[in-house]
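> no sequence on hand, only this structure:
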Ligand SMILES: Cc1cc2nc3c(=O)[nH]c(=O)nc-3n(C[C@H](O)[C@H](O)[C@H](O)COP(=O)(O)O)c2cc1C
């Protein structure tokens with residue numbers, strides 16, 4: 001029986017002290033060039049120490065992969081001192097620091113990129129308002145992007161992070177290669193599902209290679225994915241089961257699903273019998289730990305996730321109460337803060353963009 005306070009040792013020998021991780025959450029707090037700010041260090045420090053690991057906000061591996069202003073960057077060696085401060089702020093009382101690395105692909109715009117057109121697998125805009133049409137990447141540029149992820153991993157190691165998470169979820173570039181919506185290529189990087197998986201495959205192998213040929217003994221390589229897309233064509237659960245099956249055979253340390261609700265059921269008619277999380281966990285079948293996530297508010301929610309995963313990620317609940325983990329683990333759940341007002345922002349080190357978003361979206365049961 002898995003318990004929330006049980007440690008877990010990953011493939012590359014790193015042990016985390018419990019099963020709770022802080023979900024990656026963009027805070028838009030970095031400087032214009034992606035250097036971490038003092039407020040951002042406070043934001044992370046406040047939420048570290050109790051969770052087994054903190055996964056940072058997405059950090060861009062290349063300048064043309066920047067998705068929004070205020071984003072963290074790991075795109076050059078010049079970022080290493082900034083990233084070292086970030087890893088130090090997180091590594092407190094045994095909490096491990098995992099840097100989420102990504103490329104925004106078509107989910108950005110030429111204003112954020114200072115006049116440069118966004119790039120993607122194909123020249124197909126996202127189905128959202130004001131989406132710009134990206135430029136299709138040349139084959140040579142694709143290998144350069146994979147190389148950039150490898151260099152970013154090297155920088156994470158040098159900065160003292162305990163791991164990296166490849167952000168293959170939430171419609172960004174890695175997912176754009178796997179998706180039949182954004183990838184209409186007819187070369188070796190597109191077409192059938194095997195070809196659409198090639199970017200993920202080469203990326204994961206490349207990053208594994210960099211870590212295993214470095215002199216770091218304990219490290220985590222995780223991979224995050226979104227199980228379904230709503231567009232047609234789009235990724236369906238069946239495609240994701242293929243992706244997960246391939247990835248579970250690789251020397252990754254964990255897989256991390258991205259779900260807004262851990263109880264979510266598929267949109268595919270053929271997968272209605274149980275939750276998406278259960279289908280994914282069954283497909284993995286113990287080959288690699290899975291992180292479950294999505295609207296976990298209470299200890300019971302977290303335990304319920306552990307029925308179908310080895311770890312649970314907590315997002316908004318830890319923004320609202322940085323001490324959520326110790327309160328759950330010590331049985332003091334009745335003291336969990338479930339509501340924030342704008343005057344709480346300073347104490348919680350939350351930028352206005354996040355706190356107003358949280359205030360607007362808190363479900364009734366939180367009030
Ligand atoms: C403000 C905010 C920013 C987020 N940024 C990221 C991100 O940078 N990378 C990522 O993989 N997921 C991101 N997410 C998704 C979360 O990791 C998580 O999957 C989601 O919030 C559901 O968990 P929760 O219900 O516990 O908040 C973000 C979520 C929020 C609320």
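Now that the structure is in, tell me what you want to look at. What you see is a predicted model; the values in this text were computed from it and never measured.
> next to the ligand, which bits of the protein? Give me the list.
Residues of the chain lying close to the ligand (CB under 6 Å from any ligand atom) are 23-26, 57-58, 100, 167, 169-170, 224, 258, 260, 293-296, 314-317, 354. C-beta coordinates here come from the backbone N, C-alpha and C atoms, glycine included.
> among those residues, which are in strands?
Judged by DSSP state E, the subset of those located in strands is 57-58, 100, 167, 224, 293, 314.
> rebuild the residues you listed as JSON lines, extending it with pLDDT and neighbour count.
Output for these, formatted as JSON lines (pLDDT from 0 to 100; neighbours: other CB atoms under 10 Å):
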{"residue": "57", "pLDDT": "98", "neighbour count": "23"}
{"residue": "58", "pLDDT": "98", "neighbour count": "27"}
{"residue": "100", "pLDDT": "98", "neighbour count": "25"}
{"residue": "167", "pLDDT": "98", "neighbour count": "29"}
{"residue": "224", "pLDDT": "98", "neighbour count": "27"}
{"residue": "293", "pLDDT": "98", "neighbour count": "24"}
{"residue": "314", "pLDDT": "98", "neighbour count": "25"}
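> nearest to the ligand, of those residues?
The closest of these to the ligand turns out to be residue 58 (CB to the nearest ligand atom; 3.8 Å).
> quick one: the closest one from residue 100, how far?
When distance is defined by CB to CB, to the nearest Å, residue 58 is 5 Å away from residue 100.
> overlap in contacts of those two?
Common contacts of residue 58 and residue 100 (CB atoms under 8 Å, 6 or more residues apart in numbering): 24, 167.
> for the ligand, give me its nearest residue in the stretch 201-350 of the chain.
The minimum distance from the stretch 201-350 of the chain to the ligand, using CB to the nearest ligand atom, falls at residue 315 (2.5 Å).
> ok, what's across the strand from residue 21?
With DSSP bridges as the criterion, residue 21 is bridged to residue 53, residue 313.
> might one say that it is in contact with residue 48?
No. Residue 21 lies out of contact with residue 48 (CB atoms under 8 Å); the separation is 11.0 Å.
> out of those two, which sits in the busier spot?
residue 21 (27 against 21; other CB atoms under 10 Å).
> so what's the more buried one up against?
So residue 21 contacts 51-55, 98, 291, 311-314 (CB under 8 Å, 6+ apart).
> quick one: neighbours of residue 223, just the number.
Neighbours of residue 223 (other CB under 10 Å): 26.
> residues in contact with it?
Contacts of residue 223 (CB under 8 Å, 6+ apart): 165-166, 168, 204, 247, 252, 254-256.
> pLDDT at it, what is it?
For residue 223, the model assigns a pLDDT of 99.
> once you drop chain neighbours, what's closest to it?
residue 166 (4.9 Å; CB to CB, 6 or more residues apart in numbering).
> same check on residue 159?
Using CB to CB, 6+ apart and skipping residues adjacent in sequence, the residue nearest residue 159 is residue 83, 3.7 Å away.
> cool, residue 199 as well?
residue 177 (3.6 Å).
> now the helix or strand that contains that neighbour: average pLDDT?
Using DSSP states H and E, residue 177 sits within helix 173-178. Helix 173-178 shows a mean pLDDT of 98.
> name the helices or strands packed onto that helix?
Helices and strands touching helix 173-178, by 3 or more CB pairs under 8 Å, 6 or more residues apart in numbering; DSSP states H and E, are strand 163-168, helix 193-212.
> out of those, nearest to residue 2?
Closest of the helices and strands packed on helix 173-178 to residue 2 is strand 163-168, at 20.4 Å (criterion: CB to CB).
> hang on, the earlier thing: and the contacts of residue 223 as CSV, adding pLDDT and neighbour count?
Below are the contacts of residue 223 laid out as CSV (pLDDT from 0 to 100; neighbours: other CB under 10 Å):
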residue, pLDDT, neighbour count
165, 99, 27
166, 99, 25
168, 98, 27
204, 99, 23
247, 98, 21
252, 98, 22
254, 99, 24
255, 99, 25
256, 98, 27
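> distance to residue 305 added to those, as JSON lines?
Output for the contacts of residue 223, formatted as JSON lines (distance: CB to CB, whole Å):
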{"residue": "165", "distance to residue 305": "18"}
{"residue": "166", "distance to residue 305": "22"}
{"residue": "168", "distance to residue 305": "20"}
{"residue": "204", "distance to residue 305": "24"}
{"residue": "247", "distance to residue 305": "20"}
{"residue": "252", "distance to residue 305": "20"}
{"residue": "254", "distance to residue 305": "14"}
{"residue": "255", "distance to residue 305": "14"}
{"residue": "256", "distance to residue 305": "12"}
